[in-house]
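Participant: Quick one, what's the 3D model for this:
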Amino acid sequence: MYIEQISVFLENKSGRLAEVTGILAESNVNIRALALADTSEFGVLRLIVDDNQRAISALKAQGFAAGKTNVVAVEVDDRPGGLHAILSLLHQNRINVEYMYAFVRQTGQRAIMIFRLSQPEKAVEILKENQIAVIDGAEIHAM
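Facilitator: Here you go, the predicted model:
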């Protein structure tokens, strides 16, 4: 129940993000979700796309350092406290959230949170035991 996320390392300078999105557009790769973290010298762009292999091949062909990481996608009630319930459950089970980002489904009734977790197998088991929907890659790519 994992999703492959692409991480792209970028110099923190004007135009680099547009260069990446241009390469993906030319390669007919659709971005489903993204997060960008930066420092003064570089950034890490994390992407969920509809075709990982095509995206990585295109980016590497243009000289970008890109790799894949497994993350967990969790459906969260789009209401006050929805995220808190999941984070509390993870905390109670000593699972660290290394980073996370979100997007909302088209209906706007449920959000999707993408988590990089210290113990993903344990987290998926606990989430499912607590009737929290864990979304697989095929469903994310089809959105």
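Participant: And the helices in the chain?
Facilitator: Using DSSP state H, the helices found in the chain span residues 16-26, 52-61, 82-92, 120-129, 137-142.
Participant: Which among these is found nearest to residue 110?
Facilitator: Between residue 110 and the helices of the chain, the tightest spacing by C-beta to C-beta is seen for helix 82-92, at 8.4 Å. From N, CA and C alone the C-beta is placed, and that goes for glycine too.
Participant: So which elements touch that closest one?
Facilitator: Applying 3 or more C-beta pairs under 8 Å, 6 or more residues apart in numbering; DSSP states H and E, we find helix 82-92 packed against strand 65-77, strand 110-117, helix 120-129.
Participant: which strands and helices sit next to the second one?
Facilitator: In terms of contacts (3+ C-beta pairs under 8 Å, 6+ apart), strand 110-117 is packed against strand 3-11, strand 31-38, strand 65-77, helix 82-92, strand 97-104.
Participant: That one pairs with which strands?
Facilitator: Here strand 110-117 is paired, per DSSP bridges, with strand 65-77 (antiparallel), strand 97-104 (antiparallel).
Participant: most tightly surrounded among these?
Facilitator: Mean neighbours per residue, mean count of other C-beta atoms under 10 Å, is largest over the strands paired with strand 110-117 for strand 65-77, with a mean of 17.
Participant: Please save the CA atoms from it in CSV.
Facilitator: Coordinates of each C-alpha in strand 65-77 appear next as CSV, following Å, rounded to 0.1, in the frame of the first residue of the first chain:
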residue,chain,number,x,y,z
ALA,A,65,19.2,14.1,-10.1
ALA,A,66,16.0,12.2,-9.5
GLY,A,67,15.1,9.2,-7.4
LYS,A,68,12.1,7.2,-6.1
THR,A,69,10.9,6.9,-2.5
ASN,A,70,8.0,5.0,-1.1
VAL,A,71,5.4,7.0,0.8
VAL,A,72,2.0,6.3,2.3
ALA,A,73,-1.2,8.1,1.1
VAL,A,74,-4.0,8.4,3.7
GLU,A,75,-7.5,9.6,3.2
VAL,A,76,-8.3,12.2,5.8
ASP,A,77,-11.7,13.8,6.7
